[in-house]
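Trainee: next come a sequence and a model predicted from it.
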Amino acid sequence: MKKIFLLMIFILGMFQISAQKKPNIIFIAIDDINDWVGPLEGNKQAITPNMDNFIEEAMVFKNAVCAAPICGPSRSAILSGFLPSTSGVYGNSQNMIYSDIVKKNATLPEYFSKNGYYTLANGKIFHKHGAEFGTDFGHWAFDEFARARRYEKDPVNKKRYTASKAGIINGEKKPEYKSKKSKLSWGPTIDSFEETVDYKVADWACNQLKRDFDRPFFMGVGFIKPHLPWIVPQEFFDMYDVNKIIPPIVPEDDLDDILKPNGEKAFQPTGEYKWIKKHGLEKEATRAYLANISYVDACLGVVMEALEESGYADNTIVIIWGDHGWHLGEKQRYLKNTTFLEAVRTPLFIRLPGMKKAEVVDQNVSLIDLYPTLVSLCGLPEKANIDGHDFSTILKNPNSNWDYPGITITSEGTSILKGKWHYMVSLKGTEQLYNIEKDPMEWENLILNKNYKSVLKELKKWVPKKRQIPNKTHFDKQKNYVDAEADPTIKATRNLENLN
């Protein structure tokens, strides 16, 4: 009997050792960040030393795309493994937990919980929604969820504040400068770096890395900047001399060759673009966005330093991803939610244990591919029937064959990025085709050029033939959602044993 008991202890011990050998995951989300970062060189003015340092031993995906170019649908796709056309989640007002297919399937953190990982998160990983008995922050998907943003706002230095809706430019109120159709605002916060929300998320991550976990962990770290408002400490604005800033070049006729089937122009300059242009604020807006990118890079540095000083550095997969891109004047618009390259392409950097040099990958992976890829890398049972594809072979060999394009779905159309070709089609029939190798700013629409018929035929194969109708279940978001209570009833509806 004693021998059997000792054997059981030995087997249990071996099981625990085996479990601990599974890699940990730090899953770092950055909100509204485009390719204006050092590793992607989308804007060579960007100062991002921590990202630059990170990719010295990591893989950079130069042509990674989001599944949707706006926060809610993008995150829903990444975390569920289903494209918007499958889940019916196309906009921020649609909550994935009411999607029929998501009701039956575990989200990424839930799947890791189900398979022996301890999951925890702080900051913006899921998009927030109104729920029946509080607010849905995605808290229900984790074993442990913290909220650094609670009770926190962005106190701004009013003397240096710019806001389009309020008609304020650099602290001066000018009623004639108001723009109801513009959502832009920026300026330095009166808080110190250590008092800001994203720093508190980073500091939380540092404290977690001091813990002694008895099983592998999946840690979500969600940074909210450079999401609007662009309010960060003055020190990050000071990194950029506004007089030396070079804003993006925007041709005045850039939209003229994008036509509806009836021959009318498909796009017009947006309210944000008109407001910036009218008041000559191109340099100021560019500087504000760059300052926010440098700020979030500093927060990233806090986490990475803590990881290197922890006992987990040699057995942790680190993924840094942006939920979608962002326009800074290109295509005569600011904001996001388009199928243009500025909105669909986004940062994706991955470091596996043992990586010792920088690797650059051109293949068009999608953020939706992260779910099956992480499942594969961690040796979990394969997750069937999701839309993403496992690209772990690329992580092991950057020259591996990869035949999939990057597919991005909006409520109004589809983007297909495959190699040097970018094809876009709206539900109303407007089409675009660009050779991004020769025309990276997408200034020449080739859709009417008969020389590219075979290219178009191949790209059109990837456009989803069916689109799931959105579920209409909706609850209004609480007005003071930052302070709101999380809905405690959601987790009970997500029984892991019953989820695929």
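Mentor: That came through, no problem.
Trainee: what sits closest to L255 if chain neighbours are left out?
Mentor: What sits nearest to L255 in space, not counting adjacent residues and going by Cβ to Cβ, 6 or more residues apart in numbering, is F267, at 4.7 Å. (Glycine included, C-beta is placed from N, CA and C.)
Trainee: count of residues packed around that neighbour?
Mentor: Counted with other Cβ atoms under 10 Å, residues neighbouring F267 total 17.
Trainee: hang on, isn't it packed against K331?
Mentor: Yes. Using Cβ atoms under 8 Å, F267 is in contact with K331, at 7.2 Å.
Trainee: give me the common contacts of these two.
Mentor: The contact sets of F267 and K331 overlap at L255 (Cβ atoms under 8 Å, 6 or more residues apart in numbering).
Trainee: name the element M219 belongs to?
Mentor: Using DSSP states H and E, M219 sits in strand 217-223.
Trainee: so what touches that strand?
Mentor: Strand 217-223 is contacted from outside by 24-31, 109, 112-113, 117-125, 142, 198, 201-202, 205, 208, 296, 299-300, 303, using Cβ under 8 Å, 6+ apart.
Trainee: for stretch 450-458, same thing?
Mentor: So stretch 450-458 is in contact with K418, W421, Y423, L433, L446, I447, going by Cβ under 8 Å, 6+ apart.
Trainee: now the most centrally placed residue in the chain: how far from K124?
Mentor: For the chain, the residue nearest the mean C-alpha position is D323 (1.3 Å; Cα atoms, centre = their mean). Relative to K124, D323 is positioned 9 Å away (Cβ to Cβ, to the nearest Å).
Trainee: can you list residues touching both of those two?
Mentor: Shared contacts of D323 and K124 (Cβ under 8 Å, 6+ apart): A29, D31.
Trainee: show me the shaky parts of this structure.
Mentor: 1-20, 481 (pLDDT under 70).
Trainee: mind jotting down where the helices sit in it?
Mentor: Taking DSSP state H as the criterion, the chain carries its helices at 2-21, 49-54, 71-80, 84-87, 100-104, 108-114, 197-208, 234-237, 271-278, 282-309, 341-344, 370-377, 392-396, 453-460.
Trainee: list the residues that contact the residue lying closest to P440 once chain neighbours are set aside.
Mentor: Using Cβ to Cβ, 6+ apart and skipping the chain neighbours, the partner closest in space to P440 is L341 (7.6 Å). In this structure, L341 makes contact with G325, L417, H422, Y434, I436, P440, E442, judged by Cβ under 8 Å, 6+ apart.
Trainee: so the fourth one makes contact with E442?
Mentor: I take that to be Y434. Yes. Between Y434 and E442 a contact is recorded at 4.4 Å, counting by Cβ under 8 Å.
Trainee: so between these two, which is more surrounded?
Mentor: Neighbours were counted for Y434 and for E442 using other Cβ under 10 Å; Y434 has more, 23 against 20.
Trainee: beta partners for the more buried one?
Mentor: With DSSP bridges as the criterion, Y434 is bridged to H422.
Trainee: and it, how far from N337?
Mentor: Counting by Cβ to Cβ, the gap from Y434 to N337 is 19 Å.
Trainee: N243 now?
Mentor: Distance, N243 to N337, by Cβ to Cβ: 32 Å.
Trainee: between the two, who's got more neighbours?
Mentor: Ranked by neighbour count (other Cβ under 10 Å), N243 and N337 place N337 first, with 20 against 7.
Trainee: tell me who's in contact with that one.
Mentor: The contact partners of N337, by Cβ under 8 Å, 6+ apart, come to P69, I70, A343, T410.
Trainee: again, 10 Å this time
Mentor: Neighbour list for N337: 68-71, 73-74, 91-92, 324, 326-327, 343, 410-412 [criterion: Cβ atoms under 10 Å, 6 or more residues apart in numbering].
Trainee: and for E282?
Mentor: Counting by Cβ under 10 Å, 6+ apart, E282 makes contact with I245, I246, P247, P248, V250, Y273, I276, L328, G329.
Trainee: ditto for L446
Mentor: Taking Cβ under 10 Å, 6+ apart as the contact definition, L446 lies against 257, 421-423, 432-435, 438-439, 452, 455-456.
Trainee: buried subset of these?
Mentor: The neighbour count (16 or more other Cβ atoms under 10 Å) marks W421, H422, Y423, Q432, L433, Y434, N435, Y452, V455, L456 as buried among the contacts of L446.
Trainee: turn these into JSON lines, columns for distance to F137.
Mentor: JSON lines is the format used below for the buried ones among the contacts of L446 (distance: Cβ to Cβ, whole Å):
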{"residue": "W421", "distance to F137": "39"}
{"residue": "H422", "distance to F137": "34"}
{"residue": "Y423", "distance to F137": "36"}
{"residue": "Q432", "distance to F137": "37"}
{"residue": "L433", "distance to F137": "40"}
{"residue": "Y434", "distance to F137": "38"}
{"residue": "N435", "distance to F137": "42"}
{"residue": "Y452", "distance to F137": "45"}
{"residue": "V455", "distance to F137": "43"}
{"residue": "L456", "distance to F137": "42"}
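Trainee: so which of those comes closest to V463?
Mentor: Using Cβ to Cβ, Y423 comes nearest to V463 of the buried ones among the contacts of L446, at 8.2 Å.
Trainee: from memory that closest one sits against T430, does it?
Mentor: No. Using Cβ atoms under 10 Å, Y423 is not in contact with T430; the gap is 11.8 Å.
Trainee: any residues in contact with both of the two?
Mentor: Taking Cβ under 10 Å, 6+ apart as the contact rule, Y423 and T430 both touch T339, I447.
Trainee: sorry, back to before: what touches both of Y434 and E442?
Mentor: Common contacts of Y434 and E442 (Cβ under 10 Å, 6+ apart): F340, L341, H422, M424.
Trainee: next up, the contacts around the last one.
Mentor: Residues counted as contacts of M424 (Cβ under 10 Å, 6+ apart) are 258, 338-341, 344, 408, 410, 413-417, 430-434, 442, 445, 447, 459, 463.
Trainee: next one: the third one
Mentor: Under the criterion of Cβ under 10 Å, 6+ apart, the contact list for H422 reads 63, 65, 339-341, 344-345, 364, 405-406, 415-416, 432-436, 439-440, 442, 446, 459.
Trainee: could you rerun that using 8 Å?
Mentor: Contact partners of H422, counting by Cβ under 8 Å, 6+ apart, are L341, S415, I416, Q432, L433, Y434, I436, E442.
Trainee: kindly report the same for A141.
Mentor: Listed by Cβ under 8 Å, 6+ apart, the contact set of A141 reads L79, T107, L108, P109, E110, T119, F126, R494.
Trainee: got a winner among the residues you listed for most neighbours?
Mentor: F126 (29 neighbours).
Trainee: over to it: give its phi and psi.
Mentor: Main-chain dihedrals, F126, degrees, to the nearest 10: phi -80, psi 160.
Trainee: correct me, but it touches I78?
Mentor: No. The pair F126 / I78 is not scored as a contact, 9.5 Å apart, by Cβ under 8 Å.
Trainee: tell me, how many residues neighbour T48?
Mentor: If you count neighbours by other Cβ under 10 Å, T48 ends up with 24.
Trainee: quick one: it and D191, what's the gap?
Mentor: Taken as Cβ to Cβ, the span from T48 to D191 is 22 Å.
Trainee: what sits against the residue nearest to Q478 when sequence neighbours are not counted?
Mentor: For Q478, ignoring the flanking residues on the chain, the nearest one in space by Cβ to Cβ, 6+ apart is A484 at 4.4 Å. By Cβ under 8 Å, 6+ apart, A484 lies in contact with G134, T135, Q478.
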